[in-house]
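# Sequence first, then the predicted structure:
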Amino acid sequence: DSGVTQTPKHLITATGQRVTLRCSPRSGDLSVYWYQQSLDQGLQFLIQYYNGEERAKGNILERFSAQQFPDLHSELNLSSLELGDSALYFCASSVGVFNEQFFGPGTRLTVL
Amino acid sequence: EDQVTQSPEALRLQEGESSSLNCSYTVSGLRGLFWYRQDPGKGPEFLFTLYSAGEEKEKERLKATLTKKESFLHITAPKPEDSATYLCAVQADSYQLIWGAGTKLIIKP
């Protein structure tokens, strides 16, 4: 157990809908990262927050947005969902911005 | 352009047959190199951090080493439970980790 929690574990929804994924980092970690992993694909970095501020942006679609709240938990919002958005979404956290990341168990999103 | 390449893509070994996985990188300003293990459908599990050439880290049957151009993950006398995808990631001067595509390791009993 890495100490990073993600909810929900599974999410099934329809095209065009909007969902919110939630992540709680390890105690003491200030950075939160979001990744997307499609079936048998590599990890695609989406976005990073450090202590509430956006620090880095990867290949995140405009339909996706994220934020980190004062209590350091983070939410990833996915809207106008398409079939191709079906994937595992991982959250990771680290102490700072140049440290090893610890991953949560992921949220499996299925878009029908 | 910063780049991380892992080889081989897949590796099948017999139980007890030692081998090495490679992670070569081209980045400006290496701040750290990380190794992870990922089981299917699970989040990557952190294994090691290496910061400078010549550094080595060990954990059970795994040993990670680092040179100026590449890192090796040596696996000694592997067991079937070592089967997983092993990921390498490099931290350069940017905040973003650069990930390799991974090596899928299969250990046959």
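Great, that's in hand. Numbers count the residues shown, from 1 in each chain, chains lettered A, B, ... in the order given.
# gap between the lowest-mean-pLDDT helix or strand in chain B and the chain center?
Taking mean pLDDT, DSSP states H and E as the measure, chain B has strand B:97-99 as its least confident helix or strand, at a mean of 90. Centroid displacement of strand B:97-99 relative to its chain, using CA atoms, centre = their mean, to the nearest Å, is 12 Å.
# Repeat that for stretch A:22-29.
Centroid separation for stretch A:22-29 versus its chain: 12 Å, with CA atoms, centre = their mean.
# Touching it from outside, list them.
By CB atoms under 8 Å, 6 or more residues apart in numbering or on different chains, the list of residues contacting stretch A:22-29 from outside reads A:2-7, A:31-32, A:34, A:72-76, A:91, A:93-95, A:102, A:104. C-betas here are computed from N, CA, C, even on glycine.
# mind redoing it with 7 Å?
Residues outside stretch A:22-29 that contact it (CB atoms under 7 Å, 6 or more residues apart in numbering or on different chains) are A:2-7, A:32, A:72-75, A:91, A:93-95, A:102, A:104.
# likewise stretch B:69-78?
Applying CB under 7 Å, 6+ apart, the set of residues contacting stretch B:69-78 from outside is B:13, B:15-25, B:33, B:35, B:50, B:61-65, B:82, B:86, B:88, B:107.
# Select only the buried ones of those in PyMOL?
Those of the contacts of stretch B:69-78 that count as buried under 16 or more other CB atoms under 10 Å in any protein chain shown are selected in PyMOL with:
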select buried, chain B and resi 13+21+23+24+25+33+35+50+62+63+64+65+82+86+88+107
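# Excluding sequence neighbours, find me the nearest residue to whatever residue of chain B ends up closest to chain A.
Across chain B, no residue is closer to chain A than residue B:43, which sits at 3.4 Å (CB to the nearest CB). Among residues not flanking residue B:43 along the chain, residue A:103 sits closest, at 3.4 Å (CB to CB, 6 or more residues apart in numbering or on different chains).
# Could you tell me how many residues sit around the one you found?
Neighbourhood size, residue A:103 [other CB atoms under 10 Å in any protein chain shown]: 22.
# pretty sure it contacts residue A:90?
Yes. Counting by CB atoms under 7 Å, residue A:103 touches residue A:90, with 5.3 Å between them.
# shared neighbours, these two?
With CB under 7 Å, 6+ apart, residue A:103 and residue A:90 have common neighbours residue B:43.
# Can you give me the neighbour number for the spatially closest residue to residue A:14 that is not a sequence neighbour?
Sequence neighbours aside, residue A:112 is the residue nearest to residue A:14 in space, at 5.6 Å (criterion: CB to CB, 6+ apart). Neighbourhood size, residue A:112 [other CB under 10 Å]: 10.
# For chain A, which residue gets nearest to chain B?
residue A:103 (3.4 Å).
# what pairs with that residue across the strands?
Following DSSP bridges, residue A:103 is listed with bridge partners residue A:92.
# Likewise for residue B:11?
Taking DSSP bridges, one obtains residue B:105 as the residues bridged to residue B:11.
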